[in-house]
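K.L.:
generate a structure from the sequence data that follows.
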Amino acid sequence: MDEAATLRALKVLADPVRFQALQFLLDPSRSACSQGDGVCGCDFEPVLGLAQPTVSHHMKQLVEVGLVRAEKRGRWTYYELVPSAFRALCAALRPFTHAPEPADVAA
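P.N.:
Now for the predicted structure:
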């Protein structure tokens, strides 16, 4: 993942609604329409407490940065996580985990 893609993904992830949508995709057990092959866009409305157009806007952002895959089936869109995209994002951030810890400053 290049620097620009990393920054776009982090910006999208910073939104609390989109982060909540990702958490729901990770564990959609509360979903009524899901059948194990994606989560129906209609299932996000009660979980996120948002109207369908707003849900679609947020999901589009996640799809555009590649963290989520969308598939149109009839009148509904089904969403699923793209684990490889999250692995790439983690790999891009990994060098920061090896930075030296700052020394404690004594008062």
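K.L.:
low-confidence bits of this protein, can you list those?
P.N.:
Along the chain, segments meeting pLDDT under 70 span 30-32, 34-36, 104-107.
K.L.:
which outside residues touch the helix or strand hosting Pro46?
P.N.:
Using DSSP states H and E, Pro46 sits within helix 44-48. Contacts to helix 44-48, defined as Cβ atoms under 8 Å, 6 or more residues apart in numbering, come from residues 17, 20-21, 24, 30-31, 50-52, 54-55, 58-59. (Each C-beta comes from the backbone N, C-alpha and C, glycine too.)
K.L.:
what's the following helix or strand after it?
P.N.:
helix 52-64.
K.L.:
buried stuff in that following helix?
P.N.:
Buried positions in helix 52-64, judged by neighbour count with 16 or more other Cβ atoms under 10 Å: Val55, His58, Met59, Gln61, Leu62, Val63.
K.L.:
which strands and helices lie in contact with the helix or strand following that helix?
P.N.:
As assigned by DSSP H and E, the chain's next helix or strand after helix 52-64 is strand 68-73. Applying 3 or more Cβ pairs under 8 Å, 6 or more residues apart in numbering; DSSP states H and E, one finds that strand 68-73 contacts helix 52-64, strand 76-81.
K.L.:
can you state the direction angle for strand 68-73 and strand 76-81?
P.N.:
150 degrees (axes from the mean of the first three to the mean of the last three Cα atoms, to 10 degrees).
K.L.:
tell me the angle of strand 68-73 relative to helix 52-64?
P.N.:
120 degrees.
K.L.:
which positions in stretch 84-95 come out as buried?
P.N.:
Quick answer for stretch 84-95 (16+ other Cβ under 10 Å): Ala85, Ala88, Leu89, Ala92.
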